[in-house]
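K.L.:
the following block contains a protein sequence and its predicted model.
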Amino acid sequence: MNSSNERRAPALSGQRSALPTSSTAPSPPAGDADRRATNPLALHRALRKRLPVFDRHFDTLYPPAIRGVSSQFWTPVSVAVRASELLVRNRKTRVLDVGAGVGKFCLVGAAVTGAAFVGLEHREHFVEMANDAARRLRVRTASFVHARLDKFSADDFDAYYFYNPFEENLWNDGTQLDRTVELSERRFFADVEIAMSMLARARTGTLVATYHGFGGVMPSGYQRVLREPCWSDHIELWVKEARGEPVSRTDR
Ligand SMILES: C[S@@+](CC[C@H](N)C(=O)[O-])C[C@H]1O[C@@H](n2cnc3c(N)ncnc32)[C@H](O)[C@@H]1O
């Protein structure tokens, strides 16, 4: 996630009730053009045609508290479009978003490319919001799984996306999304190590895109093929070219 302080959104930590578990119909921004642009089917159509979509329009799919943290926690639409174009080779590609939040990356990626995007998310209320947004957008190739990375078999994918999912573990209470899941330094290191082992096991040809990194280093066998300035950081694209060494603790 974007960790620059000046972009940090109001803290939601401890305000569980500020994050409703199902989205109520968002009040559209003023103006007919905005109202048309926030229609879920119009959003889907625009994405499919690769027309520009403003984040403030896409984010109306979510409750206000979720929109309020978008610039810090959810991938901007333009970044999601670019990263998904890089990760998807054809419509059979299966992409895993490790830490999917409310589904923004997967929904944009699935709408733009038509490929299968799976979002893994440990906060159940985010999974519900992601499913709700998918239903309203009528995006059929994005799905969401409520699980922790350490309890999920993440091996059967062609491509992985990370938007710095684990860093929240290192923040203090006021800057975390909420306290509905365990967050700790111990968990940060454990999750980074799990992600690195997962990437080390991945088959040759696997693609990995990161935005603001993932907290670890890419295991041996990966080649960085692109580093492109994008929004508040860079998108990095890695390809697994050879069988690497198993990850050891000293790699982190
Ligand atoms: C920075 S947000 C990115 C959300 C989404 N990828 C996007 O770009 O819009 C990171 C998300 O990862 C989730 N997360 C962090 N650690 C996780 C874990 N070990 N297992 C599953 N989800 C995790 C958090 O709950 C949060 O919603």
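P.N.:
Thanks, I have it.

K.L.:
C-alpha only now, for contacts and for neighbours.
P.N.:
Will do.

K.L.:
quick one: low-confidence ranges for the stretch 101-250 of the chain?
P.N.:
248-250 (pLDDT under 70).

K.L.:
quick one, strands of it?
P.N.:
Per DSSP state E, counting those that start in this stretch, the stretch 101-250 of the chain carries strands over the ranges 116-121, 142-146, 159-162, 207-211, 222-230, 233-240.

K.L.:
which one of the ones you listed lies nearest to the ligand?
P.N.:
Among the strands of the stretch 101-250 of the chain, the nearest to the ligand by CA to the nearest ligand atom is strand 116-121 (3.7 Å).

K.L.:
tell me the strands beside that closest one, with direction?
P.N.:
strand 94-98 (parallel), strand 142-146 (parallel) (DSSP bridges).

K.L.:
got those strands as JSON lines, with distance to Ala65 columns?
P.N.:
Formatted as JSON lines, the strands paired with strand 116-121 follow (distance: least, CA to CA, whole Å):
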{"stretch": "strand 94-98", "distance to Ala65": "22"}
{"stretch": "strand 142-146", "distance to Ala65": "20"}
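
K.L.:
pick the most buried one from those.
P.N.:
By mean neighbour count, with neighbours taken as mean count of other CA atoms under 10 Å, strand 94-98 ranks first of the strands paired with strand 116-121 at a mean of 23.

K.L.:
distance to the ligand added to the strands paired with strand 116-121, as a markdown table?
P.N.:
Listed next are the strands paired with strand 116-121 as a markdown table, based on distance: least, CA to the nearest ligand atom, whole Å:
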| stretch | distance to the ligand |
| --- | --- |
| strand 94-98 | 6 |
| strand 142-146 | 8 |
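
K.L.:
just send the strands of the stretch 101-250 of the chain back as JSON lines, with distance to Arg67 too.
P.N.:
Compiled in JSON lines, these are given as follows (distance: least, CA to CA, whole Å):
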{"stretch": "strand 116-121", "distance to Arg67": "18"}
{"stretch": "strand 142-146", "distance to Arg67": "19"}
{"stretch": "strand 159-162", "distance to Arg67": "20"}
{"stretch": "strand 207-211", "distance to Arg67": "20"}
{"stretch": "strand 222-230", "distance to Arg67": "21"}
{"stretch": "strand 233-240", "distance to Arg67": "20"}
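
K.L.:
right, and those strands - which one's nearest Arg187?
P.N.:
Proximity to Arg187, assessed across the strands of the stretch 101-250 of the chain by CA to CA, is greatest for strand 116-121 (15.0 Å).

K.L.:
state the distance from Ala202 to Ser84.
P.N.:
Distance check for Ala202 against Ser84: by CA to CA, to the nearest Å, it reads 19 Å.

K.L.:
and those two? Which one has more around it.
P.N.:
Ser84 (25 against 21; other CA atoms under 10 Å).

K.L.:
helix or strand: which one has that one?
P.N.:
Element membership for Ser84 (DSSP states H and E) is helix 77-87.

K.L.:
list the helices and strands that helix packs on?
P.N.:
helix 104-113, strand 207-211, strand 233-240 (3 or more CA pairs under 8 Å, 6 or more residues apart in numbering; DSSP states H and E).
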